[in-house]
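In: give me a model of this one.
(one chain, ligands or ions: 1)
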Amino acid sequence: MAAAVLFRHPSSLEHDTGGHPENARRIVAIERALSERDWLGWEVRSSPAATREQLGRVHPAQHVDRLEAFCRRGGGMIDMDTLVSPGSFEAALHAAGGAVAMVDALLGSEGTAAAGGGAVRCAASLHRPPGHHAKPAQAMGFCLFGNVAVGAAHAIEAHGAQRVLIFDWDVHHGNGTNAIFRERDDVLFCSIHQSPLYPGTGAASDIGRGAGAGFSVNMPVPGGSGDAVFLSHVEHVVRPLARSFAPDLLLLSAGYDAHADDPLAGCRVTDAGFAGMAALMRATADELEIPLGLVLEGGYELAALARCVVVTLAALGADEAPAVPAVELDPLALQAQQRLAAHWPTLA
Ligand SMILES: [Zn+2]
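Out: Sure, this is the predicted structure:
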């Protein structure tokens, strides 16, 4: 039994978006880089399609039906950014199903809370379309179903997870994931994102609502932010929150469009920055003795995307935990600590 499992499906290549930046070449580039490295020793599995029941925990049935009918009729533009083809519905089912199967591997009989021991302690679901912009009843921002949200809901409903932490390091705010869990206290959603930038949500003041107050942690950063800012938010905000929240499962919504080479945004994260964030999250999962799953989001510069997925999976899956970088407290991360301290006293 492998310690690390990767979920993929060829339907990711059949979601035809033409010359759109979110296109099949992204998956081709990632899989080529991984296969050249013997998939880093990860076991590769085929993702099942998500069932209506699994999707229904996050999306109303009408949303699923409408999307299926639209794709079957040939597809087209859902909005200015979101384009679908006849193969898109199947691709979206497997993208969500990959996240579900990943959670099954991590929390089912194969997985274990303890690191090592040969059981599955980390996994990745590498598909397109991405998911973190998809709202319960609205596809948007290249996203059709909320893949990581479907995975988190599956952890809670099917595996009895009490708490799930989702950390979204995509350069865009994961507005869909945030909307899905905004009023809940069993999913802690943490997002670092460039602001201002699409989709315009994710203000620092958006901390969740009702029972979920304090469980949406939005960390907007200005364009130009690089490794120091991103790593500081991980080390000094996300990791202390994880220790306080004590989740049963850690999920990464991993986009690579904060990379300096990415054409869609203006952040300056390097390959080493992504490796560092991955090492910090790996250390967090090890420390809390919980499994960690990664769901691919954005990333549009093919070479940087492929390289950074490789360094991330290398850090997550390595037999020996990689060295954790020493990270200074950035002024923006300090501000985040201060505003969160009312809900999370250990950050004070
Ligand atoms: Zn993005």
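
In: give me the pLDDT for residue 212.
Out: As predicted, residue 212 sits at a pLDDT of 98.

In: how about the residue positioned nearest the centre of the chain, what does it touch?
Out: Centroid check for the chain by CA atoms, centre = their mean gives residue 253 as the closest residue, at 1.0 Å. Shown in contact with residue 253 (CB atoms under 8 Å, 6 or more residues apart in numbering): 131-132, 148, 166-170, 174, 177, 191, 295, 297. From N, CA and C alone the C-beta is placed, and that goes for glycine too.

In: restrict the residues you listed to those near the ion?
Out: Among the contacts of residue 253, the ones lying near the ion by CB under 5 Å from the ion are residue 170.

In: helices of the stretch 51-200 of the chain, start to end?
Out: Taking DSSP state H, counting those that start in this stretch as the criterion, the stretch 51-200 of the chain carries its helices at 52-56, 61-72, 88-107, 147-159, 175-181.

In: picking that back up, pipe the contacts of residue 253 into JSON lines and attach distance to residue 324 per row.
Out: Output for the contacts of residue 253, formatted as JSON lines (distance: CB to CB, whole Å):
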{"residue": "131", "distance to residue 324": "29"}
{"residue": "132", "distance to residue 324": "26"}
{"residue": "148", "distance to residue 324": "24"}
{"residue": "166", "distance to residue 324": "21"}
{"residue": "167", "distance to residue 324": "16"}
{"residue": "168", "distance to residue 324": "21"}
{"residue": "169", "distance to residue 324": "16"}
{"residue": "170", "distance to residue 324": "22"}
{"residue": "174", "distance to residue 324": "25"}
{"residue": "177", "distance to residue 324": "26"}
{"residue": "191", "distance to residue 324": "22"}
{"residue": "295", "distance to residue 324": "23"}
{"residue": "297", "distance to residue 324": "24"}
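
In: tell me the pLDDT of the residue lying closest to residue 68 once chain neighbours are set aside.
Out: Computed as CB to CB, 6 or more residues apart in numbering, the closest residue to residue 68 that is not its neighbour in sequence is residue 89, at 5.0 Å. Looking at residue 89, its pLDDT is 98.

In: is it correct that residue 89 is in contact with residue 74?
Out: No: the criterion here is CB atoms under 8 Å, and residue 89 misses it with residue 74 at 11.6 Å.

In: the more surrounded of the two?
Out: residue 89 (24 against 9; other CB atoms under 10 Å).

In: got a list of what the more buried one touches?
Out: For residue 89, the contact set (CB under 8 Å, 6+ apart) comprises 67, 68, 71, 72, 144.

In: make a ChimeraX selection of whichever of those residues turn out to be buried.
Out: Of these, the buried ones can be selected in ChimeraX as follows, counting by 16 or more other CB atoms under 10 Å:
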select :67,71,144
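
In: what's the most distant pair in the contacts of residue 89?
Out: Using CB to CB, the two most remote members of the contacts of residue 89 are 72 and 144, lying 13.9 Å apart.

In: identify, from the contacts of residue 253, the entry nearest to the ion.
Out: Nearest to the ion among the contacts of residue 253 is residue 170, at 4.1 Å by CB to the ion.

In: name the nearest residue to the closest one, sequence neighbours excluded.
Out: residue 255 (2.6 Å).

In: thought the one you found was touching residue 295?
Out: No: contact between residue 255 and residue 295 fails when scored by CB under 8 Å: they sit 9.7 Å apart.

In: mind listing what the residue of the stretch 101-250 of the chain found nearest the ion touches?
Out: With CB to the ion, the shortest gap between the stretch 101-250 of the chain and the ion falls at residue 172, namely 3.6 Å. By CB under 8 Å, 6+ apart, residue 172 lies in contact with 132, 133, 141, 193, 194, 197, 198, 199, 255, 257, 265, 298.

In: now the first one, nearest residue through space, not along the chain?
Out: Here the nearest residue to residue 132 in space, its sequence neighbours aside, is residue 174; by CB to CB, 6+ apart that works out to 3.6 Å.

In: let me know the pLDDT of the one you found.
Out: Residue 174 is assigned 98 on the pLDDT scale.

In: residue 167 is in contact with that one, correct?
Out: No: here residue 174 lies out of contact with residue 167, judged by CB under 8 Å, at a distance of 9.7 Å.

In: re the thing from before, neighbour-wise, which of the contacts of residue 253 leads?
Out: Of the contacts of residue 253, residue 148 is surrounded by the most neighbours, 36 neighbours in total, counting by other CB under 10 Å.

In: against residue 85, how distant is that one?
Out: Distance, residue 148 to residue 85, using CB to CB, to the nearest Å: 23 Å.

In: for residue 341, same thing?
Out: With the distance defined as CB to CB, residue 341 ends up 48 Å from residue 85.

In: residues near the nearest residue to residue 140 once chain neighbours are set aside, how many?
Out: Distance criterion CB to CB, 6+ apart; nearest residue to residue 140, sequence neighbours excluded, is residue 133 at 5.1 Å. Neighbour count of residue 133, defined by other CB under 10 Å: 30.

In: so what's residue 133 up against?
Out: Residues in contact with residue 133 (CB under 8 Å, 6+ apart) are 140, 141, 142, 143, 172, 174, 175, 176, 199.

In: having no further points to raise, I will conclude here.
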